[in-house]
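Engineer: I'd like to go over a predicted model; first the sequence, then the structure.
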Amino acid sequence: MDFIFSSVTIWHWLVLGLVLVGIEMMTGTFDLLFVALAAFTTAAFTALMPDVASGWQMQAAVFAITAVSLIVLGRTVFAGMRRVIGEHPTLNRRMDSLIGQHGTVTTPFTDGQGRVKIGDSEWMATSLGASDMATGVSIIVEETEKTRVFVRPL
């Protein structure tokens, strides 16, 4: 066993780190990223302290301690990196983004139906308040369904 590991150098740790980063890029788990950082740390330790790190046992100990420490740190302090970030609630949902918007009546409401202008667009609307509203009345959008907005007068 000593014969196999007797020639471990900085380049072995750098290659191990790069291979682990490559695998991490394919999996996206973040676990291998911390192990790769441990391999890079061991390479730096081997380069900066060649007398202390001359034996493979010391290098393996540094790698093991660093890897375990970084994984524990990654699972606790950096746990937020693992959470899936949901999309913005109204991204690509134009109708949902209209809720709470103010507008004006462009076509008078009769029997609770009419048209309103919100921003630069006109929408078919149903009144949740007064059944008849004149042109120019200010409204607020309460809810949406398909391409129709449900509004109430301000």
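Structural biologist: Yes, it's here.
Engineer: from here on, contacts and neighbour counts on C-alpha atoms
Structural biologist: OK.
Engineer: So in terms of bridging, what pairs with residue 110?
Structural biologist: Taking DSSP bridges as the rule, residue 110 bridges to residue 113.
Engineer: roughly how far apart are it and residue 128?
Structural biologist: As defined by CA to CA, to the nearest Å, residue 110 lies at a distance of 13 Å from residue 128.
Engineer: In this protein, where is pLDDT below threshold?
Structural biologist: Residue ranges of the chain with pLDDT under 70: 1-6, 53, 81-87, 89-91.
Engineer: Break down this protein into its helices, ranges please.
Structural biologist: Applying DSSP state H to the chain gives helices spanning 2-5, 10-27, 31-48, 56-76, 94-97.
Engineer: Return the most buried member of those.
Structural biologist: Of all the helices of the chain, helix 31-48 has the most neighbours on average by mean count of other CA atoms under 10 Å, namely a mean of 22.
Engineer: Determine the set of other helices and strands touching it.
Structural biologist: Applying 3 or more CA pairs under 8 Å, 6 or more residues apart in numbering; DSSP states H and E, we find helix 31-48 packed against helix 10-27, helix 56-76.
Engineer: which residues does residue 116 contact?
Structural biologist: By CA atoms under 8 Å, 6 or more residues apart in numbering, the contact list for residue 116 reads 103, 104, 105, 106, 107, 122, 123, 124, 125.
Engineer: what's near enough to touch the fourth one?
Structural biologist: Residues near residue 106 by CA under 8 Å, 6+ apart: 114, 115, 116, 117, 122, 135, 136.
Engineer: Format the residues you listed as TSV; extra columns: distance to residue 63.
Structural biologist: Formatted as TSV, those follow (distance: CA to CA, whole Å):
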residue	distance to residue 63
114	71
115	68
116	66
117	64
122	64
135	74
136	72
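Engineer: which of the residues you listed has the most neighbours?
Structural biologist: When neighbours are counted by other CA atoms under 10 Å, residue 116 leads these with 29 neighbours.
Engineer: Could you count how many residues lie near the nearest residue to that residue once chain neighbours are set aside?
Structural biologist: Of all residues not flanking residue 116 in the chain, residue 105 sits nearest, at 4.3 Å (CA to CA, 6 or more residues apart in numbering). Per other CA under 10 Å, the neighbour tally for residue 105 reads 23.
Engineer: What of residue 120?
Structural biologist: By other CA under 10 Å, the residues close to residue 120 number 6.
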